[in-house]
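> quick one, structure for this:
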Amino acid sequence: MPVTHRPARSLRVLLEPPDPPLALRLGLQPDIEVVDSALARPAVALVEEVAAVTALLAEDPECRVLVSAGSARPGLLDAALAAGAAGLVLRDGPVEDLADCLRRASAGETVVDPALAGP
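The predicted model follows:
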């Protein structure tokens, strides 16, 4: 059951593309609110494609964008950061770890999952 009483300053997160199971799991975090569109002015967006970083930043330059990946691919980290992403995170890790990455990105950190950073 999603949390119904959130802090006044909850962290607004956009999932692009929408991922209802992940939205539900993130919504159980007491300080995270998953929003449906960039019009809701999310603090952080989680995207699957590097091309989405540029599009989201064009709409809202203040939004921090994280790219999610299932595994490391050569050049993915460099491409994500060059596009303006705030980092690269593992898609299928524990939701608590992902929530922590979202919080850190919203605080201005560059977040890179150690498993995706490469050698």
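> any idea how far the spatially closest residue to residue 106 that is not a sequence neighbour is from residue 116?
Of all residues not flanking residue 106 in the chain, residue 43 sits nearest, at 4.6 Å (Cβ to Cβ, 6 or more residues apart in numbering). Where C-beta positions appear, they are placed from N, C-alpha and C, glycine not excepted. To residue 116, residue 43 is 22 Å away according to Cβ to Cβ, to the nearest Å.
> and residue 71, which of the three is it?
With DSSP: H, G, I helix; E, B strand; the rest coil as the basis, residue 71 sits in coil.
> quick one: which helix or strand includes the nearest residue to it once chain neighbours are set aside?
Closest residue to residue 71 apart from its sequence neighbours, by Cβ to Cβ, 6+ apart: residue 116 at 7.7 Å. Element membership for residue 116 (DSSP states H and E) is helix 114-117.
> which secondary structure elements does that helix contact?
Contacts defined by 3 or more Cβ pairs under 8 Å, 6 or more residues apart in numbering; DSSP states H and E place helix 114-117 against helix 76-82, strand 87-90.
> check which helices and strands the lengthiest helix in the chain sits against.
When the chain is parsed with DSSP state H, its longest helix is helix 95-106. With contacts defined as 3+ Cβ pairs under 8 Å, 6+ apart, helix 95-106 has these neighbours: strand 11-16, helix 20-27, strand 44-47, strand 64-69, strand 87-90, strand 111-112.
> the closest residue to residue 91 other than its chain neighbours: neighbouring residues, count only.
In space, and not counting its chain neighbours, residue 91 is closest to residue 68: 4.2 Å by Cβ to Cβ, 6+ apart. Applying other Cβ atoms under 10 Å, we find 24 residues neighbouring residue 68.
> run a quick check on residue 68 versus residue 49, I expect a contact.
No. Contact between residue 68 and residue 49 fails when scored by Cβ atoms under 8 Å: they sit 9.7 Å apart.
> who are the neighbours in contact with the residue nearest to residue 106?
11, 12, 13, 63, 64, 106 (Cβ atoms under 8 Å, 6 or more residues apart in numbering).
> I am finished for the moment; much appreciated.
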